[in-house]
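Engineer: Predicted structure and sequence below. I'll ask about it afterward.
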Amino acid sequence: MADVLVPIFLFLAIAAVFIIHLVGRHRERMMMVERGLSAEYIKAIYAKSIQRDPLASLKWGILFAFAGVALMLGLVLENYLRLHMEGGITISILLIFVGTGLLLYYAIASKKLSKIQS
């Protein structure tokens, strides 16, 4: 019985959230029209202008590279040196490398932003 009810309730919950979102958005727009806002102003409010950070790819690239190296080093230390600490060494190395990657990103981003501002 539960095998049938779970998908049904999941579908109903997703539909309810979608309907509530649409009704709320409609009410918000109707209130804007009632207050006398122009169509251009309403479109400008809802226009999505996304400003992307030009250094975001650099940050994620450094983080994933350092995390990959840390995981590889942790697995090598656990397997070949037989340091069985229930994964503690891998997690520690991962945190150290990711922190180092963030510090490296900060240093690179600071230099690039200071060049742009000068």
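Structural biologist: Yep, that arrived.

Engineer: ok, and the helix or strand in the protein with the lowest average confidence?
Structural biologist: The weakest-scoring helix or strand in the chain, judged by mean pLDDT, DSSP states H and E, is helix 39-46 (a mean of 74).

Engineer: In terms of residue numbering, what are the domains of the protein?
Structural biologist: Here the domain parsing of the chain from automatic domain parsing is 2-46, 56-113.

Engineer: Could you give the average pLDDT over the longest one?
Structural biologist: I take that to be domain 56-113. Mean pLDDT, domain 56-113: 86.

Engineer: what's the offset of it from the middle of its chain?
Structural biologist: Relative to its chain's centre, domain 56-113 lies at 19 Å (CA atoms, centre = their mean, to the nearest Å).

Engineer: picking up where we left off before, turn the domains of the chain into TSV, columns for mean neighbour count.
Structural biologist: In short, each C-beta sits where N, CA and C put it, glycine included. Converted to TSV, the domains of the chain look like this (neighbours: other CB atoms under 10 Å):
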stretch	mean neighbour count
domain 2-46	10
domain 56-113	14
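
Engineer: any idea how far Met72 is from Ile93?
Structural biologist: Going from Met72 to Ile93 by CB to CB, to the nearest Å gives 10 Å.

Engineer: Same question for Phe64.
Structural biologist: Distance from Phe64 to Ile93, by CB to CB: 15 Å.

Engineer: Going by length in residues, pull out the top helix of this protein.
Structural biologist: Looking across the chain with DSSP state H, the single longest helix is helix 2-34.

Engineer: which strands and helices sit next to it?
Structural biologist: Packing partners of helix 2-34 (3 or more CB pairs under 8 Å, 6 or more residues apart in numbering; DSSP states H and E): helix 39-46.
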